[in-house]
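Undergrad: take a look and give me a structure for this.
(4 chains)
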There are 2 protein chains.
Amino acid sequence: MSIRKVELAEETWAAMTLAMNAVRDSFVEAGRNLDLNPGEMKALAVLGTEGALPMGALAKALHCDASNVTWLADRLEARGFVERHTAPTDRRVKTLSLTDAGRAAHEHAHDLLRVPPAPLLALSAPELRTLRDLMTKCWEQTPGDGG
Amino acid sequence: MSIRKVELAEETWAAMTLAMNAVRDSFVEAGRNLDLNPGEMKALAVLGTEGALPMGALAKALHCDASNVTWLADRLEARGFVERHTAPTDRRVKTLSLTDAGRAAHEHAHDLLRVPPAPLLALSAPELRTLRDLMTKCWEQTPGDGG
DNA sequence: CAGATCACTTGAGTCATTCAAGTTTTTTAC
DNA sequence: GTAAAAAACTTGAATGACTCAAGTGATCTG
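TA: This next block holds a predicted model:
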């Protein structure tokens, strides 16, 4: 791997670091809009895309403590966004699933997050196509990691 | 602006959202390495690039409360990374500046953050060049916003 | 069937942050 | 020129989102 390529990668990375602020801002903005904190947003996203999940699995997906998932579940349940169901096969585990309201909230969040920021729209269609292809080539969706 | 282009932008944006997890991870990883929390990292970055700054200005740059900057300054000062100086023109304001140790910590953080993650290095040099150019075209450095 | 283990809950404690109130200094207005 | 208002920082109380340790009930192992 050439020196030049590493430099290029570093420059690319630096540019991405700047752009990340836009992603983060958009995320917390959407959360604020729906009165959801980042943890709740992520939980909703995971349950919305993965479907019903044992609490332990959600903790793993969220890279957080099990007791934190209890806390998140309490809050989301209080707002009618999720339901706890004792798993029939193992009565220790409780499965979380989105209610209709939860699904609606997830859709809403998804809609808010989908709209690209102004700088992106300043690019031409061919440029966007190139950028999209490179980005997806690089960060292929790896199912099972909602990170 | 065509429908197709908006769709393209949305897809690009979605891909970027995934990629940005890598940026975030790299950031907190670097902070962990230096025993600095995200706030301290950002403060160091702002002071390192903008130079000495009144505490109020830092609060603005960090989008946080003034008292939080007091707290950050206390911690960074205790570790010998910053110094408070009463401004000669207005004795209410205290200016924060990096010490040599603080500058070193900033350099160290910068070094850690500069190294691109594996997925980026999987691209070819021409691809990286294209990606870099598109990203920088899109998110031009706008000095004065350390966000 | 006893003991170990597992999945979730509860409670205590932490860390980064905000808000309200306080001090010192500067600006504004009479 | 002085009194009131405002600004910049600090302090203290309170909050939110977490972690860790301990608890409870269910399931697996020997």
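
Undergrad: ok, which stretches of chain A are strands?
TA: Here chain A has its strands, by DSSP state E, at A:53-54, A:82-86, A:94-98.

Undergrad: paired strands for the first one, with orientation please.
TA: Sheet neighbours of strand A:53-54, with direction, are listed as strand A:94-98 (antiparallel) (DSSP bridges).

Undergrad: not counting its own residues, what contacts the partner strand?
TA: With C-beta atoms under 8 Å, 6 or more residues apart in numbering or on different chains as the test, strand A:94-98 has contacts from A:44, A:47-48, A:51-55, A:58, A:73, A:81-87, A:106. Heads up, the C-betas are built off the backbone N, CA and C, glycines and all.

Undergrad: which ChimeraX command selects the buried ones in those?
TA: To isolate the buried ones among the contacts of strand A:94-98 in ChimeraX, judged by 16 or more other C-beta atoms under 10 Å in any protein chain shown, type:
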select /A:44,47,48,53,54,55,58,73,81,82,83,106
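
Undergrad: what sits against A:Asp74?
TA: Counted by C-beta under 8 Å, 6+ apart, A:Asp74 has zero contacts.

Undergrad: for the strands of chain A, which one sits closest to DNA strand D?
TA: Of all those, strand A:82-86 sits nearest to DNA strand D, with 8.4 Å by C-beta to the nearest atom of the strand.

Undergrad: can you tell if the lowest-mean-pLDDT helix or strand in chain A touches chain B?
TA: None of the helices or strands of chain A scores lower by mean pLDDT, DSSP states H and E than helix A:3-34, at a mean of 90. Yes - Helix A:3-34 comes into contact with chain B (C-beta under 8 Å from any C-beta of the partner chain), by way of A:4-6, A:8-25.

Undergrad: want to throw the strands of chain A into a markdown table with mean pLDDT?
TA: Compiled in a markdown table, the strands of chain A are given as follows (pLDDT from 0 to 100):
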| stretch | mean pLDDT |
| --- | --- |
| strand A:53-54 | 98 |
| strand A:82-86 | 98 |
| strand A:94-98 | 98 |
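
Undergrad: interface residues of chain A facing DNA strand D?
TA: A:37-39, A:63-65, A:67-68, A:71-72, A:90-92 (C-beta under 7 Å from any atom of the strand).

Undergrad: any idea which of those residues has the most stuff around it?
TA: A:Leu72 (23 neighbours; other C-beta atoms under 10 Å in any protein chain shown).

Undergrad: and the least confident helix or strand of chain A, which residues are buried?
TA: By 16+ other C-beta under 10 Å, the buried positions in helix A:3-34 come out as A:5-6, A:8-20, A:22-23, A:26-27, A:30-31.

Undergrad: could you measure from the nearest residue to A:Arg75 once chain neighbours are set aside over to A:Leu53?
TA: The spatial neighbour of A:Arg75 that comes closest, neighbours along the chain excluded (C-beta to C-beta, 6 or more residues apart in numbering or on different chains), is A:Glu40 at 6.5 Å. Distance of A:Glu40 to A:Leu53, computed by C-beta to C-beta, to the nearest Å: 15 Å.
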